[in-house]
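>>> next input, structure requested:
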Amino acid sequence: MRLNSMLATVLIFLCSLVISSCSNDELAPISLKNRETANIKLNYPNNQTYSFPLQGGDGNYEISCDKPEIIETKMISSCDISIKALALGEAIITVKDQSGNTLDIHVIVDYYTDNYIVSKQDIFLTGDLKDSEKQTIKEKALATIPVKTGGGYKFIYTDAEIARGKVLVYQEKFGDKAIEGSFERKSNEIENEQWGTKHLISFDLTLPEQPKRTFIISEYIPSSRTSPIVLMAFFEDLKKTFTIDYPTVEQVYTEQVLTVPSHLYY
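This next block holds a predicted model:
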């Protein structure tokens, strides 16, 4: 009887080991919940703290960071980590559990950036003008645009308010040699015969050896619309440039049609 009892105890013990072993073998890898990769991008400067839930492993997580001067991270619950950007750079957060599973989270901290590529140039012109005058104004206005088709602008926001920073102007081709300047981004209420009253975003650009210029970003509506896609463009008001020579001119805007900007998000 005692032998049977001992055998039963041993059998139960062995079964528990097998079950435990199977459980460890079948643990899902540690990963970030609701994210396809373990890559995270944060913009800087930024006072916000972001949280990311973990999943997989045995649930007993510990974390460490190889660059604590770049990001601040900690466990804020049994399965959530917080990350705050402290400086520009890259860092690795390593997540471990008690079963030996690990996850490396690659964090990149960089400035928030907007990229605009010019796909077309156009002019919006109104006034009691001769055809020859319209053609002359159009040619002169187009010549003031600082980039060619295929060129563009990279706005690098260096402040937490996403309001100002450094601008790279690619005159020939976006991504090639650039002129570096500064910019300020503003929200404006514009009253115009064409638009009515609209709240628009403008960029005040300061470039070397060039007068300060203001680009307003708004919808671009071509004279013959063939696509339902809404395009955006930079508009620059040049009326003051032409009123002396052409007093009957009413509106002169250069239009730089833009591709969809790409952003840097976390």
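
>>> tell me where the stretch 51-200 of the chain has helices.
With DSSP state H, counting those that start in this stretch as the criterion, the stretch 51-200 of the chain has helices at 131-142.

>>> pLDDT weak spots in it?
The model of the stretch 51-200 of the chain has pLDDT under 70 over residues 190-197.

>>> recalculate using a threshold of 80.
Across the stretch 51-200 of the chain, the ranges flagged by pLDDT under 80 are 188-199.

>>> return the set of buried residues in the helix or strand Glu219 falls within.
Secondary structure from DSSP states H and E places Glu219 in strand 213-220. Judged by neighbour count (16 or more other Cβ atoms under 10 Å), strand 213-220 contains these buried residues: 213-218, 220. Any C-beta I mention is one placed from the backbone N, CA and C, and that applies to glycine too.

>>> so what strands line up beside the helix or strand just after that strand?
Heading C-terminal from strand 213-220, the first helix or strand you meet, by DSSP H and E, is strand 231-237. Strand 231-237 sits in its sheet next to strand 213-220 (antiparallel), strand 249-258 (antiparallel), going by DSSP bridges.

>>> give the burial count for Thr259, as a bare number.
Residues lying near Thr259 (other Cβ atoms under 10 Å) number 15.

>>> give the contact list for it.
116-117, 119 (Cβ atoms under 8 Å, 6 or more residues apart in numbering).

>>> show me those residues that map onto strands.
Judged by DSSP state E, the contacts of Thr259 include 116-117, 119 as members of strands.

>>> what's the PyMOL line that selects buried ones from these?
Buried residues within these, by 16+ other Cβ under 10 Å, are selected in PyMOL with:
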select buried, resi 116+117
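
>>> with the ones in strands among the contacts of Thr259 in mind, which one is nearest to Asp176?
Asp176 lies nearest to Ile117 out of the ones in strands among the contacts of Thr259, by Cβ to Cβ, at 12.0 Å.

>>> my guess is the closest one contacts Gly152, does it?
Yes. With contacts defined as Cβ atoms under 8 Å, Ile117 counts as touching Gly152 at a distance of 4.0 Å.
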